[in-house]
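> coords below, sequence missing:
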């Protein structure tokens, strides 16, 4: 069994407008997932430094960031980062360039946890519906060109609709896991954050992480799903 989560952490800035990386780490501790996809994990300007200082991640969490060939002060690619539990084996990782007019990207990794080996893609898609579909196709092409592995795609899809658009594109070969409404954290009304899985993975439980801390730490609530290998 593997638990994954996706969290748009809004650069560590909570609803109180304070940047508090320790609060984000506490939310991650509540989630207790094996693999986490983060969006808006880096500051937007300058060196694009990680919103969670690396020493805090090392000293105050059970996670390490998947290494990407990117800026030295950043844990992600255009704000996208993957965290895995200490002890997990990351066999390979990639920063994916997505078609867009503004900085957007996705990150992918092949990860082994115990006897389970899978591909995970973290993403933050455009606010434009047409560009979202182009980005979805770019991600799906990357997956199709790689090894045939159980695959999880997750992140902030910026899709307000419950069907169509990029959801249709991802849904051609992956199942959408119903996690629930994650935005806005003060009063969740939209399913902007999504998890998709290949048919060889069975979702046994899923949801939105609702806690007093998570409701203050970002404008998004984290989503999560627990999987076992089908068959």
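Yep, it's here. Predicted, not measured: the structure shown is a model, and the values here were computed from it.
> contacting residues around the residue nearest the centre of the chain?
Of all residues in the chain, the one closest to the mean position by C-alpha atoms, centre = their mean is residue 37, 2.6 Å from it. Contacts for residue 37 (C-beta atoms under 8 Å, 6 or more residues apart in numbering) come out as 4-7, 80-82, 107, 120-123, 154-155. (Each C-beta comes from the backbone N, C-alpha and C, glycine too.)
> residue ranges of the helices in this protein, please?
Secondary structure of the chain (DSSP state H): helices at 21-31, 54-60, 129-145, 165-171, 214-217.
> what's the most buried one of these?
Stretch with highest mean neighbour count among the helices of the chain: helix 214-217 (a mean of 22; mean count of other C-beta atoms under 10 Å).
> re earlier: now the residue nearest to the centre of the chain. Nearest residue, chain neighbours left out?
Nearest residue to residue 37, sequence neighbours excluded (C-beta to C-beta, 6 or more residues apart in numbering): residue 122, at 3.1 Å.
> Could you tell me how far that neighbour is located from residue 219?
Going from residue 122 to residue 219 by C-beta to C-beta, to the nearest Å gives 18 Å.
> Residue 22 now?
Look at residue 22 and residue 219: by C-beta to C-beta, they are 18 Å apart.
> With residue 32 instead?
Here the criterion is C-beta to C-beta. By it, residue 32 lies 22 Å from residue 219.
> More neighbours: the two, which one.
residue 219 (18 against 12; other C-beta atoms under 10 Å).
> which residues sit in contact with residue 221?
182, 183, 185, 188, 193, 208, 209, 210, 214, 215.
> Would you mind checking the residues you listed for buried ones?
Neighbour counting with 16 or more other C-beta atoms under 10 Å marks 182, 183, 185, 188, 193, 208, 209, 214, 215 as buried within the contacts of residue 221.
> The second one pairs with what?
For residue 183, the beta-bridge assignment (DSSP bridges) gives partners residue 190, residue 220.
> Could you measure from it over to residue 151?
For residue 183 relative to residue 151 (C-beta to C-beta), the value is 24 Å.
> Same check on the fourth one?
For residue 188, the distance to residue 151 (C-beta to C-beta) stands at 27 Å.
> returning to that earlier point: with distance to residue 146 and pLDDT as added columns, please give the buried ones among the contacts of residue 221 in JSON lines.
Formatted as JSON lines, the buried ones among the contacts of residue 221 follow (distance: C-beta to C-beta, whole Å; pLDDT from 0 to 100):
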{"residue": "182", "distance to residue 146": "28", "pLDDT": "99"}
{"residue": "183", "distance to residue 146": "30", "pLDDT": "99"}
{"residue": "185", "distance to residue 146": "34", "pLDDT": "98"}
{"residue": "188", "distance to residue 146": "34", "pLDDT": "98"}
{"residue": "193", "distance to residue 146": "24", "pLDDT": "99"}
{"residue": "208", "distance to residue 146": "30", "pLDDT": "99"}
{"residue": "209", "distance to residue 146": "30", "pLDDT": "99"}
{"residue": "214", "distance to residue 146": "33", "pLDDT": "99"}
{"residue": "215", "distance to residue 146": "37", "pLDDT": "98"}
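> which of those lies closest to residue 16?
Nearest to residue 16, judged by C-beta to C-beta, of these is residue 215 at 11.2 Å.
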